[in-house]
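Student: Sequence and computational prediction follow.
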Amino acid sequence: MSDIQIYSAVVCPYAHRSRLVLQEKGIDFDLIEINLQNKPEGFIEISPYGKVPAIVHGEHRVWESAVINEYLDEVFPNPPLLPSSAIAKAQARIWIDFANTRFVPAFSTLLRSPEVAQQEAAKQELYKHLEFIEHEGLRKLSGNGPYWFGESISLVDFTFYPWFERWPALKHYRGFGIPEEFTRLRQWKKALKQRDSVLAIANSKEFYIERYARFATPVAV
């Protein structure tokens with residue numbers, strides 16, 4: 001058994017975040033898949049919120065993906081996945097918070113909203129967030145590099161990427177692709193898709209379209 005066990009669900013983007021960090025750092029781990037519709041007895045003792053991801057590292061338990069990822073970055077410091085300066089770390093944490101409190105809720109609202117009016121409002125909200133990422137994030141922070149902070153990949157990249165791997169489901173069910181004008185965002189997504197740690201656990205667009213069917217109804221054609 002490895003020192004680290006991660007409790008995960010393959011469709012869960014939050015668990016995807018932490019699995020990407022484990023892959024990127026080359027950490028040996030045991031993957032324990034959880035059926036979130038039929039959680040095993042005793043799971044709550046590992047994850048008090050009853051959610052994935054959660055990790056066990058020796059005698060310690062850690063849950064919540066953003067917290068897990070910073071924990072892994074501190075305990076396994078190479079390669080580092082946060083910038084070294086205080087201001088850059090603050091900027092990274094701002095963007096991780098933006099993902100959790102603004103971007104992800106907008107994505108979820110669009111996918112899950114049953115009414116057309118709700119969907120249109122959610123599209124406008126998500127577009128606004130993509131625009132903010134394009135101009136306030138990638139264009140200001142990445143320079144000529146492929147990642148959020150330039151040449152070095154970070155926790156910010158892995159925080160956002162799982163939702164972009166799932167974007168084909170959003171396009172299929174809600175007709176909302178990544179707008180062409182967000183060229184820097186498209187370049188970022190392409191760079192992430194080609195990274196070894198991402199490829200190691202990637203799923204196809206068909207996988208997400210099938211798995212997300214229960215959350216959404218296809219748009220009329």
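Tutor: Nice, I can see it. Numbers count the residues shown, from 1 in each chain.
Student: Could you list the domains of this structure?
Tutor: By the assignment in automatic domain parsing, the chain contains the domains 4-75, 86-215.
Student: got JSON lines for those, with mean neighbour count too?
Tutor: C-beta: built from backbone N, CA, C; applies to glycine. Converted to JSON lines, the domains of the chain look like this (neighbours: other CB atoms under 10 Å):
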{"stretch": "domain 4-75", "mean neighbour count": "17"}
{"stretch": "domain 86-215", "mean neighbour count": "16"}
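Student: Put together TSV for those, with mean pLDDT on each row.
Tutor: Below are those laid out as TSV (pLDDT from 0 to 100):
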stretch	mean pLDDT
domain 4-75	96
domain 86-215	97
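Student: The spatially most central residue of the chain sits in which helix or strand?
Tutor: The centre of the chain sits closest to P162, judged by CA atoms, centre = their mean, with a distance of 3.5 Å. Secondary structure assignment for P162, by DSSP states H and E: helix 155-165.
Student: Contacts made by that helix with the rest, please.
Tutor: Residues outside helix 155-165 that contact it (CB atoms under 8 Å, 6 or more residues apart in numbering): 13-14, 16-17, 20-21, 24, 65-66, 69-70, 73, 81-82, 92, 95-96, 99-100, 103-104, 107, 133, 147-149, 178, 188-189, 192-193, 198, 202-203, 208.
Student: Can you flag which of those belong to helices?
Tutor: Counting by DSSP state H, the part of the contacts of helix 155-165 found in helices is 13-14, 16-17, 20-21, 24, 65-66, 69-70, 73, 92, 95-96, 104, 107, 188-189, 192-193, 198, 208.
Student: Strands of the protein, start to end?
Tutor: Under the criterion DSSP state E, strands of the chain are mapped to 4-8, 29-33, 54-57, 60-63.
Student: orientation of the helix holding P162 relative to helix 13-25 in degrees?
Tutor: 130 degrees (axes from the mean of the first three to the mean of the last three CA atoms, to 10 degrees).
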